[in-house]
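Undergrad: For reference, the sequence and a predicted model appear below.
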Amino acid sequence: MGGRRWRVLVVDDSAFMRRVITDIIGRSGEFEVVGTARDGYDAIRKVHRLEPDIVTLDVEMPRLDGLQTLGYLMSEAPRPVVVLSAYTPEGAQLTLQALELGAVEVVPKPSGAISLDLERVAGRLLEALRAAVRVNLRNLGVRIPRATEPTPKAEGDGQDSGVAVAIAASTGGPRALMEIVPRLPHDLGAAVFIVQHMPPEFTASLARRLDVLSPLPVAEGQAGEAVEANRVYVAPGDHHMRVVRGADGRVRLRLDQDAPRWGVRPAADPLFLSVAEVYGPRSLGVVLTGMGRDGADGAAAIVRRGGRALAQDRASCVVYGMPRMAVHAAHARPVPLRDLPDAIATTVAELRSAEVSS
């Protein structure tokens, strides 16, 4: 944009937090804070008056809260919104609802609603803003959250899975996952592993939400857990998740806190590389919306071992970064978001058929 600084409106009911967030953003040189708002009503007035490029939004506010504010903005004045939320189960649940409504990214407040140590996540906040300026607004319209009645689950047989599906997602990922995972069949015939770039608590909330919506059981992965077919394992925040073959021959999960990859933990590449190693030609890598290149190297490794790779297509992505790199590095086949559940199920069936005939 020729040196133009992106304009940001900061919304938080705490004057202290507004000042700290403003200072972090102002020091970046990439963004400028054009105004602050103390609640949702104030935010709506200033969005119309100041026309900011991006809004940072606290979800827990008096009068008009963050979710109601977000719903209005995405319906009447759509623009990228970055949510700041407390590192608590309650905050995580509200944040997940915000992501369903169209928020782009989530930045955790490390020590609650008023975080004296917000500087700890200054880098994460600026990365979220950088992602926000790259979003495709056409794919951020308001979506009514799905009903929360639990979907009936088929009884598992505890059998090891011969086929693996590894999914990578970042910016816009939660909404994409909610379009894909609930539409996978209960008898898919594969274990599904998901890496979504999110902090702890938030990944747990995501797993619970997907479990409610999906015929396949969904949960955060546990260290040492035996992998079963027709189950979905979500990498816990702040941990890489890998698959390994144990001494008993069973495939199990391994969690670790090795150094972040591509600046994130969990990262998809460690998972994908382990899936390629353990499952070889019986593996499928799927790279969804997100900024950067996480998942591209892992998808390429899966393809080199005889597996397959799919990528969300440009038109349906919120940010066409990770999928673009997967197409380039792994020759992943681009697929529209609406068609990915069927594409995954069909590919798994093909991989299972090849396994039987080999």
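TA: Yep, it's here.
Undergrad: where do the helices sit along the stretch 101-250 of the chain?
TA: 122-132, 173-180, 202-213 (DSSP state H, counting those that start in this stretch).
Undergrad: quick one, the last one and helix 173-180 angle?
TA: Same thing as helix 202-213. Interaxial angle, helix 202-213 versus helix 173-180 (axes from the mean of the first three to the mean of the last three Cα atoms, to 10 degrees): 20 degrees.
Undergrad: which outside residues touch helix 202-213?
TA: With Cβ atoms under 8 Å, 6 or more residues apart in numbering as the contact definition, helix 202-213 has outside contacts at 89, 92-93, 95-96, 106, 108, 146, 148-151, 174, 177-178, 181-182, 196, 198, 217-220, 232, 234-237, 266. In short, each C-beta sits where N, CA and C put it, glycine included.
Undergrad: and with 6 Å instead?
TA: Where contact means Cβ atoms under 6 Å, 6 or more residues apart in numbering, the residues beyond helix 202-213 that reach it are 92-93, 96, 146, 148, 150, 174, 181-182, 218-220, 234, 236-237.
Undergrad: From those residues, list just the buried residues.
TA: Neighbour counting with 16 or more other Cβ atoms under 10 Å marks 92-93, 96, 174, 181-182, 218, 220, 234, 236-237 as buried within those.
Undergrad: What residues of the helix or strand of the chain at the bottom of the mean pLDDT ranking count as buried?
TA: Every helix and strand of the chain was ranked by mean pLDDT, DSSP states H and E. The lowest is helix 89-101, at a mean of 83. Buried residues in helix 89-101, defined by neighbour count with 16+ other Cβ under 10 Å: 91-101.
Undergrad: any residues touching that helix, and which ones?
TA: Under Cβ under 6 Å, 6+ apart, the answer for helix 89-101 is 59, 67, 70-71, 83, 85, 106, 145, 174, 201-202, 205, 209.
Undergrad: mind redoing it with 8 Å?
TA: 57, 59-60, 66-67, 70-71, 74, 81, 83, 85, 103, 106, 108-109, 142-143, 145, 174-175, 178, 201-202, 204-206, 209.
Undergrad: now the strands for this structure?
TA: 6-11, 31-37, 54-58, 81-86, 105-109, 164-169, 191-196, 218-220, 232-234, 240-245, 251-256, 283-287, 308-312, 333-335 (DSSP state E).
Undergrad: Tell me the helices and strands packed up against the fifth one.
TA: Just to be clear, that refers to strand 105-109. strand 81-86, helix 89-101, helix 122-132 (3 or more Cβ pairs under 8 Å, 6 or more residues apart in numbering; DSSP states H and E).
Undergrad: and the angle from the second one to strand 105-109?
TA: If you take the same axes, to 10 degrees, helix 89-101 sits at 160 degrees to strand 105-109.
Undergrad: from the buried ones among the contacts of helix 202-213, which is closest to residue 124?
TA: residue 237 (12.1 Å; Cβ to Cβ).
Undergrad: Pull the number of nearby residues for the nearest residue to that closest one once chain neighbours are set aside.
TA: Distance criterion Cβ to Cβ, 6 or more residues apart in numbering; nearest residue to residue 237, sequence neighbours excluded, is residue 200 at 3.6 Å. Neighbour count for residue 200, taken as other Cβ atoms under 10 Å: 14.
Undergrad: Quick check: phi and psi on residue 200?
TA: phi -60, psi 160 (degrees, to the nearest 10).
Undergrad: Do I have it right that it meets residue 235?
TA: No - taking contacts as Cβ atoms under 8 Å, residue 200 lies outside contact range of residue 235: 10.8 Å.
Undergrad: and the contacts of helix 89-101, which are buried?
TA: The buried subset of these (16+ other Cβ under 10 Å) comprises 57, 59-60, 66-67, 70-71, 74, 81, 83, 85, 103, 106, 108-109, 142, 174-175, 178, 201-202, 204-206, 209.
Undergrad: pLDDT weak spots in this structure?
TA: 1-3, 87-88, 110-117, 141-150, 154-157, 355-358 (pLDDT under 70).
Undergrad: okay, now the domains of it?
TA: What automatic domain parsing lists as the domains of the chain is 6-139, 164-357.
Undergrad: Against residue 104, how distant is residue 132?
TA: 5 Å (Cβ to Cβ, to the nearest Å).
Undergrad: whoops, residue 159 was the one
TA: 39 Å.
Undergrad: Compare these two (neighbour count), which wins?
TA: residue 104 (26 against 9).
Undergrad: list the contacts for that one?
TA: 80-82, 128, 131-132, 135, 140, 171-172, 318.
Undergrad: from those residues, which single one is nearest residue 19?
TA: Distances from residue 19 to those, taken by Cβ to Cβ, are shortest for residue 82, at 17.4 Å.
Undergrad: Hmm, residue 54 and that closest one touching each other?
TA: Yes - Residue 82 lies in contact with residue 54 (Cβ under 8 Å); the separation is 6.5 Å.
Undergrad: anything in contact with each of the two?
TA: 129, 132.
Undergrad: picking that back up, from residue 255, how far out is the residue nearest to residue 237?
TA: In terms of Cβ to Cβ, residue 200 sits 12 Å off from residue 255.
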